[in-house]
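Participant: starting from these lines, generate the structure:
(one chain, ligands or ions: 1)
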Amino acid sequence: MIKITALQTGTVSIKTKQQAGADGRSAFGRKIDMLRDIVWSPPLPILAYLIEHPEGNFVVDTGDTWRNSLRGYLPRWNPFYTTQVIVKVGPLEEVGELIRARGLDPARDIGTVLMTHMHHDHAGGLYHFPHSRIVVSRENWKAAKSLSGMVQGNLPQRWPIWLKPDLVEANGAAIGPFARSKQITADGRILMVETPGHCKGHMSVIVRGEGLTWFITGDATYSEDNLRANLVDGVTYNPALSRASQAKISEFAESEPTIVLPSHDEKAADRLQRDIIFRR
Ligand SMILES: [Zn+2]
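Facilitator: Prediction:
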């Protein structure tokens, strides 16, 4: 029996042009559009997911931290942080507290943390898991800690000093439209697949239950509505690649009963609770 729970670590507001860029716009054009945009999204959830599995407890992404509110936590030199994003996380909204509220100790009871990617609003809660195996794709890890990674939403200077992730590659069997996968559990029910575009090396997590599959997209898409319309975000480094990743997710989610779970979808927690599966 596998159980999945959405853990909301506060909210993030972004520009509407970050949520979805204009069709045909280049990766660079999308950044210009975001900077010029004066319309904000409503506060969107920052979601992590807890997976209780017979082989142990897994967490997918770790949300953000209340430390965003401290002066100097987010680098002032980067206009992305000063003008493009409003993160609101309370101390009791961090992933560690949310796990503790479910009767588990984040430092002891979580075997593995699966990272879709290292953006600050996914990696901000990593420090709650000092004894867990942290899994991230080799490609995303390399990109995130580079200088360009620091410009593009990653905060390697804030990662825990003990962080030595297990760097993985999708070198396993094909699954549906995904040419390769990374098997996570021995029973094959938790897998990671490559969904690049939002950033380099982005991966999504597939969890196969009994007759029902959960597809944790990370930021490969911001919402199920965007997925259905194949609308690509403003952050992407390659719109065509993002579109191809979203098309694969849709194709997979149509091929078996699947609940689609993005990280910033206002309706994701409700779909999870009520078993609402994806329909094109
Ligand atoms: Zn992201």
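Participant: do the helix or strand of the chain with the lowest mean pLDDT and the ion meet?
Facilitator: In the chain, the helix or strand scored least confidently by mean pLDDT, DSSP states H and E is helix 79-83, which has a mean of 84. No. Helix 79-83 is not in contact with the ion by CB under 5 Å from the ion; minimum separation 11.4 Å. (C-beta placed from N, C-alpha, C; glycine too.)
Participant: over to stretch 237-245?
Facilitator: No. Counting by CB under 5 Å from the ion, the ion is not contacted by stretch 237-245; separation bottoms out at 11.5 Å.
Participant: what mean pLDDT would you report for stretch 264-275?
Facilitator: Across stretch 264-275, pLDDT averages out at 98.
Participant: could you work out the end-to-end span of that stretch for me?
Facilitator: 18 Å (CA to CA, to the nearest Å).
Participant: isn't Val135 up against Pro165?
Facilitator: Yes. Using CB atoms under 8 Å, Val135 is in contact with Pro165, at 6.5 Å.
Participant: what touches both of those two?
Facilitator: Met115 (CB atoms under 8 Å, 6 or more residues apart in numbering).
Participant: and stretch 216-233, how far out from the chain's middle?
Facilitator: Remark: stretch 216-233 is offset 11 Å from the chain centroid, using CA atoms, centre = their mean, to the nearest Å.
Participant: report the buried residues of it.
Facilitator: With burial defined by 16 or more other CB atoms under 10 Å, the residues of stretch 216-233 counted as buried are 216-224, 226-228, 231-233.
Participant: close to the ion, is stretch 16-32?
Facilitator: No. On the criterion CB under 5 Å from the ion, stretch 16-32 is out of touch with the ion, staying 10.1 Å away.
Participant: again with stretch 44-52
Facilitator: No. Looking at stretch 44-52 against the ion by CB under 5 Å from the ion, there are no contacts, and the closest approach is 10.1 Å.
Participant: which helices and strands sit right next to the helix or strand hosting Ala244?
Facilitator: Counting by DSSP states H and E, the element that carries Ala244 is helix 239-255. In terms of contacts (3 or more CB pairs under 8 Å, 6 or more residues apart in numbering; DSSP states H and E), helix 239-255 is packed against strand 213-218, helix 224-229, strand 258-262.
Participant: of the ones you listed, which is nearest the ion?
Facilitator: Minimum separation from the ion across the helices and strands packed on helix 239-255 (CB to the ion) falls at strand 213-218, 7.0 Å.
Participant: let me know the pLDDT of His119.
Facilitator: If you check His119, the pLDDT there is 97.
Participant: ok, now which ones touch it?
Facilitator: By CB under 8 Å, 6+ apart, the neighbours of His119 are 144, 153-154, 199, 219.
Participant: list the contacts of the closest residue in space to Ser263 that isn't next to it in sequence.
Facilitator: Nearest non-adjacent residue to Ser263, counting by CB to CB, 6 or more residues apart in numbering: Leu47, 5.0 Å away. Neighbour list for Leu47: 6-9, 61, 63, 261-265, 268-269 [criterion: CB under 8 Å, 6+ apart].
Participant: ok, now Ile32?
Facilitator: Here Ile32 is in contact with no residue (CB under 8 Å, 6+ apart).
Participant: now do the SS call for it.
Facilitator: Using DSSP: H, G, I helix; E, B strand; the rest coil, the structure places Ile32 in helix.
Participant: could you report the pLDDT at it?
Facilitator: 89.
Participant: now do the same for the most centrally placed residue in the chain: its pLDDT.
Facilitator: Nearest to the geometric centre of the chain sits Gly218, at 2.6 Å (CA atoms, centre = their mean). Gly218 carries a pLDDT score of 98 in this model.
Participant: which one of the contacts of Leu47 sits closest to the ion?
Facilitator: The closest of the contacts of Leu47 to the ion turns out to be Ser263 (CB to the ion; 7.3 Å).
Participant: so the closest one makes contact with Thr62?
Facilitator: No. Between Ser263 and Thr62 there is no contact under CB under 8 Å: 10.9 Å.
Participant: which residues are in contact with both of the two?
Facilitator: 48, 122.
Participant: re earlier: quick one: the helix holding Ala244 to chain centroid distance?
Facilitator: Using CA atoms, centre = their mean, the offset of helix 239-255 from its chain centre is 16 Å.
Participant: the inter-axis angle of it versus strand 258-262?
Facilitator: Helix 239-255 and strand 258-262 are oriented at 150 degrees to each other (axes from the mean of the first three to the mean of the last three CA atoms, to 10 degrees).
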